[in-house]
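Visitor: Provided below for reference: sequence and predicted model.
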Amino acid sequence: MNRASRLFSKVRQTKRIKMKAKDIRNKFGDNYVVDDYTFIMGIDLRFTTHFAKRFKNLRVLETCTGAGFTTISLARTAKHVSTVEIEKSHQIQAVSNIEKAGLLILQRHFFCRLLRIDAI
């Protein structure tokens, strides 16, 4: 079992954590929708903001949307972001969080055409 698999297994076995609105706000920048898994695995706002600067004015394909925290930072910097998430509960969280961030969701379905992508 590789390191990522072990971490994923530990996260899934973790007892429910008591998240406070303040903890969510401090980590992600707002009172976004999260569950235990997305709170633990979600990437901190400071990192996503730093990461997103690398994609300024580019068209980006993001995979594994999760609760949408990286998507939000990318959308504030990149020219266009297409993101894919297969887990239904994460899709629901991401849509809610992206809308809460005041960002526009253009399409909420699978790709119907190929997009021109500059970075993945």
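Guide: Noted; the coordinates are in hand.
Visitor: for the rest of this, base every contact and every neighbour count on C-alpha atoms.
Guide: Noted.
Visitor: give the next helix or strand downstream of the helix or strand bottoming out on mean pLDDT in the chain.
Guide: Counting by mean pLDDT, DSSP states H and E, the chain has its least confident helix or strand at helix 3-13, which shows a mean of 56. Sequence-wise, the next helix or strand downstream of helix 3-13 (DSSP states H and E) is helix 21-28.
Visitor: send me that next one as CSV with only the CA atoms.
Guide: The C-alpha trace of helix 21-28 is given here as CSV (Å, rounded to 0.1, in the frame of the first residue of the first chain):
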residue,chain,number,x,y,z
ALA,A,21,-17.5,27.7,11.6
LYS,A,22,-14.3,29.5,12.8
ASP,A,23,-12.1,26.5,11.8
ILE,A,24,-13.7,26.2,8.4
ARG,A,25,-13.4,30.0,7.8
ASN,A,26,-9.7,30.0,8.9
LYS,A,27,-8.8,27.1,6.7
PHE,A,28,-10.8,27.8,3.6
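Visitor: buried sites along it?
Guide: Neighbour-count burial for helix 21-28 flags Ile24, Phe28 (criterion: 16 or more other Cα atoms under 10 Å).
Visitor: and the next helix or strand past it?
Guide: Next along from helix 21-28, by DSSP H and E: helix 36-41.
Visitor: would you mark the buried spots in that following helix?
Guide: Asp36, Tyr37, Thr38, Phe39.
Visitor: please name every helix or strand in contact with it.
Guide: helix 3-13 (3 or more Cα pairs under 8 Å, 6 or more residues apart in numbering; DSSP states H and E).
Visitor: so who does the spatially closest residue to Ser96 that is not a sequence neighbour touch?
Guide: What sits nearest to Ser96 in space, not counting adjacent residues and going by Cα to Cα, 6 or more residues apart in numbering, is Val33, at 7.0 Å. Neighbour list for Val33: Ala67, Gln93, Ser96, Asn97 [criterion: Cα atoms under 8 Å, 6 or more residues apart in numbering].
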